[in-house]
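Chemist: Here is my input, please return the structure:
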Amino acid sequence: MRKALLFFMVCLSLTAHGQTYEPNWDSLKQYEAPQWYEDAKLGFWVHWGVYSVPAFMGDHAGEWYGRWMYCQHGQSSRDNQGLATHQHHKATYGDPGQFGYKDFIPMFKAENFDADQWADLCVDGGAKFFTMMGAHHDSFCLWDTKLSKWNSVNMGPQRDLVGEIAEAVRKRGLKFGVSNHTAWNSTFFQWNHINGYDAKDPANQDLYGNPIIEPGMDKIRIKEGEERGSWLKRSRDTIQPSERDLDRWLARTKELANLYKPDLYYFDWGMNPPIFESRRKAFASYYYNNAIDSGKGKFGSPQVVLNYKNWATFKPGTAVRDFERGGMDNIAEMVWQTDDCVYDDHNWGYVPGVAIKPTNTIVDELMDIISKRGVLMLSFAPKADGTFPDDQKAMMRELGAWLKVCGEAVYATRPYDVFGEVSEAWNKKDEHGRKTYHGTGKDIRFTRNKNNNVLYATALDWPGERMVVQSLAESDLDGIQSVRLLGVDSELKWDQTPQGMEIRMPAQPGYGMAYPVRIEFETNIAPPSST
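Modeler: Coordinates of the predicted model:
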């Protein structure tokens, strides 16, 4: 009897050990985001590719050049946002039927790309992981794919750009991710297909896609020839990915995971439509199992991150939710991610002369995100030759310098019981309705250490002579052992008043951005007054 029980337990253990993910939601819910990711808080990535050659944003975004160059009047949404790029292309390079997007590829040489320099900049900037663009919407692959001739090894740079940067960042102890936007491909080149430019050539289908075009009617707003706000009913074709497009997406997506074993796999919006659902589940199970097979983790904890952008795309708990230039309003039950760019508005790819955000704005955004259990993945935009503009390199180093002093309040922290204190100024939005992420001395964000005995109260701007932490007005503060400002050695005096914990601040330190006050307790951090 005892031997039979022992045999049963061994068999049960072997079954559990060999368990794999299946392409269904019940199986994929057996996923847990890795601790390394929640500890990292900050990663860098890039928008870099063929679109970096024309480097023109028009009325939308530089990385969307390949879509809008084929777009004629009345075909793009939002008041002909694509027309400026079409007109620029005709004036600069000629008719898109004669000089198509594919003709930029020989001009994308990446001749000054140095993976070690990129990795050093990532370390200098304080990022703990780096995500490389595998392929953008244009489907030009920056890796050594065997599934398409349209790649950076066969053409253009004639180098495995993904492979080089993967080796360089891992050599420095960073985690490595890939970014795959190719699900957009068939709809991205919509106007190339509909208007009969170079997408009609079967030799170009592996670049431009092989979509299904169906007749349709739509209403579009126009500016030229009509009063603003009037509507013109116009015939418009609709476009959907074909089975070939869907199968090609899945095959290339798996290949990228298999070749480089990424610790993080980021997807854009393109795979959100229901037509992708079976392939989404197929890839998620493949990716998690691939990580287990390569020794990263185990079933239930594969130690990799898969990002998705819409609540309907993946079931909660099956992958990590990502917000483009946005985030959670409160503390989440599971770690999540914001992807943002050094540029404002819609632009992500390099465009000369376009200003980037102040580093202080990025720091404020980072502190807001991590106070709610999020991670920031910040995109930079190299030039076509593989070098970063000076202003972007300066931002990385400024951010890294701040993190060297204040990183204790960032890395490997967890949210407090409340995420922070918010002033009216924080809720202001820009002309596009987005938050500006610039806080005041009254905007405070909380983080804590994993041992739950150190609370970090970070003022997003200099609070002046006194910093008032309202959340601790009625808390039991008898267990406080020390209070100091990161970057300043001296202890700070404080009092508890009906308004809050009032901390007498020292002279303003030179790092000049957000200011974390470290409050250490003898045992556990006192809960806030509201709880």
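Chemist: hey, where'd the strands end up in the stretch 251-400 of the chain?
Modeler: 264-267, 305-308, 320-324, 336-341, 374-380 (DSSP state E, counting those that start in this stretch).
Chemist: could I get the ones you listed as JSON lines with distance to Ala84 and mean pLDDT?
Modeler: (C-beta placed from N, C-alpha, C; glycine too.) Converted to JSON lines, these look like this (distance: least, Cβ to Cβ, whole Å; pLDDT from 0 to 100):
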{"stretch": "strand 264-267", "distance to Ala84": "28", "mean pLDDT": "98"}
{"stretch": "strand 305-308", "distance to Ala84": "31", "mean pLDDT": "98"}
{"stretch": "strand 320-324", "distance to Ala84": "23", "mean pLDDT": "97"}
{"stretch": "strand 336-341", "distance to Ala84": "20", "mean pLDDT": "98"}
{"stretch": "strand 374-380", "distance to Ala84": "23", "mean pLDDT": "98"}
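Chemist: Could you provide the ones you listed in JSON lines, with additional columns for distance to Asp201?
Modeler: Below are the strands of the stretch 251-400 of the chain laid out as JSON lines (distance: least, Cβ to Cβ, whole Å):
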{"stretch": "strand 264-267", "distance to Asp201": "29"}
{"stretch": "strand 305-308", "distance to Asp201": "34"}
{"stretch": "strand 320-324", "distance to Asp201": "33"}
{"stretch": "strand 336-341", "distance to Asp201": "34"}
{"stretch": "strand 374-380", "distance to Asp201": "33"}
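Chemist: Can you add mean neighbour count and distance to Pro157 and give the ones you listed back as TSV?
Modeler: Formatted as TSV, those follow (neighbours: other Cβ atoms under 10 Å; distance: least, Cβ to Cβ, whole Å):
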stretch	mean neighbour count	distance to Pro157
strand 264-267	26	22
strand 305-308	26	26
strand 320-324	20	28
strand 336-341	23	23
strand 374-380	24	18
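Chemist: So which of those is nearest Trp118?
Modeler: strand 374-380 (9.4 Å; Cβ to Cβ).
Chemist: Partner strands of that closest one, with direction?
Modeler: strand 42-46 (parallel), strand 336-341 (parallel) (DSSP bridges).
Chemist: quick check: angle from it to strand 320-324?
Modeler: 50 degrees (axes from the mean of the first three to the mean of the last three Cα atoms, to 10 degrees).
Chemist: would you put the C-alpha positions of strand 374-380 in CSV?
Modeler: What follows is strand 374-380 as a C-alpha-only set of coordinates in CSV (Å, rounded to 0.1, in the frame of the first residue of the first chain):
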residue,chain,number,x,y,z
GLY,A,374,2.9,49.8,-13.2
VAL,A,375,6.0,49.7,-15.3
LEU,A,376,7.1,52.3,-17.8
MET,A,377,8.5,51.3,-21.2
LEU,A,378,9.9,54.5,-22.8
SER,A,379,10.5,54.7,-26.5
PHE,A,380,13.4,56.6,-28.1
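Chemist: ok now it, how far from the chain's centre?
Modeler: Centre-to-centre, strand 374-380 and its host chain are 5 Å apart (Cα atoms, centre = their mean, to the nearest Å).
Chemist: Then stretch 372-389?
Modeler: 9 Å.
Chemist: distance between the ends of it?
Modeler: This stretch, stretch 372-389, spans 32 Å end to end (Cα to Cα, to the nearest Å).
Chemist: again, but for stretch 451-469
Modeler: End-to-end span of stretch 451-469 (Cα to Cα): 21 Å.
Chemist: circling back to that earlier point, okay, the strands paired with strand 374-380 in TSV with distance to Ala459 next?
Modeler: Conversion of those to TSV gives the following (distance: least, Cβ to Cβ, whole Å):
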stretch	distance to Ala459
strand 42-46	20
strand 336-341	21
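Chemist: What strand or helix carries Asn192?
Modeler: helix 190-194 (DSSP states H and E).
Chemist: mind checking how far that helix is from the chain centre?
Modeler: 28 Å.
Chemist: Any chance you could list what contacts that helix?
Modeler: With Cβ atoms under 8 Å, 6 or more residues apart in numbering as the test, helix 190-194 has contacts from 67-68, 70-72, 75-76, 82, 96, 100-101, 186, 197-200, 208-209, 211, 213, 237, 239.
Chemist: tell me the centre residue of the protein?
Modeler: The chain has Asp339 as the residue nearest its centroid, 2.8 Å off, counting by Cα atoms, centre = their mean.
Chemist: I'd like to know how far that one sits from Cys71.
Modeler: From Asp339 across to Cys71, the span is 25 Å (Cβ to Cβ, to the nearest Å).
Chemist: now do Pro241
Modeler: In terms of Cβ to Cβ, Pro241 sits 19 Å off from Cys71.
Chemist: quick one: which of the two has more around it?
Modeler: Cys71 (26 against 23; other Cβ atoms under 10 Å).
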